[in-house]
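Student: Need coordinates for the following:
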Amino acid sequence: MKRHTTSQLELEQLAQQIKVKTDWKQLHLPLEQVSLLHKITDHVSRRNRMLEGYGLPDRIKRGVGISALFTGISGAGKTMAAQVIANDLKLDLYRIDLSRVVSKYIGETEKNLARLFDAAEESNAILLFDEADSLFGKRTDVKDAHDRYANVSIAYLLERLESYEGLVILSTNSKNSLDKAFIRQLQFVVDFPAPRK
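Tutor: As a prediction, this is how the structure comes out:
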């Protein structure tokens, strides 16, 4: 029986591990999308080797994160693509349970996100934020304390995405609901077409 580390146990309180068995042959997508997915995998593989080769990991903590946005309707293959990437990289994949992360209490969402990212870094896991628009929605004009703290949450997430040493995949059915400035900071955006009938 596999023993869990403290960080894996912490991660499993906020996310669900997805068992990955899917490979590239099972992915039925146009060449453009498959090519982008391969670029993500190659980028993650090379990034670690490059940082270690130049002796940078101890000196650089910002800008090392790799993030990708998968957009498209339900059933387009976004989660399957995340599984393929995790399988190829031989890394664990965790789907974030937003009901355990997002809190109505001020400051609690950020604390939960801090726990999540810290545990994921220790586990070297890929994080999958499904329905990311509910967490990374458009920033609003500040009319009250709730708006201000919602904007703080998005700013905090951007900072953690940038400094997270692993891969974060965000998926959404509604790209237009996401903050435009936020989308511009992501390295990869893959638009999944509707599956053919």
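
Student: ok, longest helix in the chain?
Tutor: Counting residues, the longest helix in the chain under DSSP state H turns out to be helix 31-53.

Student: Strands of the chain, start to end?
Tutor: Along the chain, counting by DSSP state E, strands occupy 15-18, 66-71, 93-96, 126-129, 167-172, 188-191.

Student: Just checking: what are the partner strands of the fourth one?
Tutor: With DSSP bridges as the criterion, the sheet partners recorded for strand 126-129 are strand 93-96 (parallel), strand 167-172 (parallel).

Student: Same list, the strands of the chain, but as TSV with distance to Lys111, mean pLDDT and mean neighbour count please.
Tutor: (C-beta placed from N, C-alpha, C; glycine too.) Compiled in TSV, these are given as follows (distance: least, C-beta to C-beta, whole Å; pLDDT from 0 to 100; neighbours: other C-beta atoms under 10 Å):
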stretch	distance to Lys111	mean pLDDT	mean neighbour count
strand 15-18	15	90	17
strand 66-71	21	93	23
strand 93-96	15	93	23
strand 126-129	17	93	26
strand 167-172	18	92	25
strand 188-191	28	94	17
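
Student: of all those, which lies closest to Pro30?
Tutor: Among these, strand 188-191 comes nearest to Pro30, with 10.1 Å by C-beta to C-beta.

Student: Can you tell me the strand partners of the closest one and which way each runs?
Tutor: strand 66-71 (parallel).

Student: which residues sit against the partner strand?
Tutor: With C-beta atoms under 8 Å, 6 or more residues apart in numbering as the test, strand 66-71 has contacts from 40, 43-44, 47, 78, 81-82, 132, 161, 166-173, 175, 178, 183, 185-192.

Student: And Phe129, how close does it get to Ser74?
Tutor: The spacing between Phe129 and Ser74, counted by C-beta to C-beta, to the nearest Å, is 16 Å.

Student: Distance to Asp118 for the strands of the chain - can I get that in JSON lines?
Tutor: Output for the strands of the chain, formatted as JSON lines (distance: least, C-beta to C-beta, whole Å):
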{"stretch": "strand 15-18", "distance to Asp118": "13"}
{"stretch": "strand 66-71", "distance to Asp118": "17"}
{"stretch": "strand 93-96", "distance to Asp118": "13"}
{"stretch": "strand 126-129", "distance to Asp118": "12"}
{"stretch": "strand 167-172", "distance to Asp118": "14"}
{"stretch": "strand 188-191", "distance to Asp118": "24"}
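
Student: Tell me which of these approaches Arg115 most closely.
Tutor: Of all these, strand 15-18 sits nearest to Arg115, with 10.5 Å by C-beta to C-beta.

Student: Mind exporting the C-alpha coordinates of stretch 23-36 to PDB?
Tutor: What follows is stretch 23-36, C-alpha atoms only, in PDB (Å, rounded to 0.1, in the frame of the first residue of the first chain):
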ATOM      1  CA  ASP A  23      -2.400   8.700 -23.600                       C
ATOM      2  CA  TRP A  24      -2.000  10.700 -26.800                       C
ATOM      3  CA  LYS A  25      -3.600   8.000 -29.000                       C
ATOM      4  CA  GLN A  26      -6.900   8.400 -27.100                       C
ATOM      5  CA  LEU A  27      -7.000  12.100 -27.600                       C
ATOM      6  CA  HIS A  28      -9.200  13.000 -30.600                       C
ATOM      7  CA  LEU A  29      -8.500  16.600 -31.300                       C
ATOM      8  CA  PRO A  30      -7.400  18.700 -34.400                       C
ATOM      9  CA  LEU A  31      -3.700  18.900 -35.000                       C
ATOM     10  CA  GLU A  32      -3.500  22.500 -33.900                       C
ATOM     11  CA  GLN A  33      -4.700  21.700 -30.400                       C
ATOM     12  CA  VAL A  34      -2.600  18.500 -30.200                       C
ATOM     13  CA  SER A  35       0.500  20.500 -31.200                       C
ATOM     14  CA  LEU A  36      -0.200  23.100 -28.400                       C
END
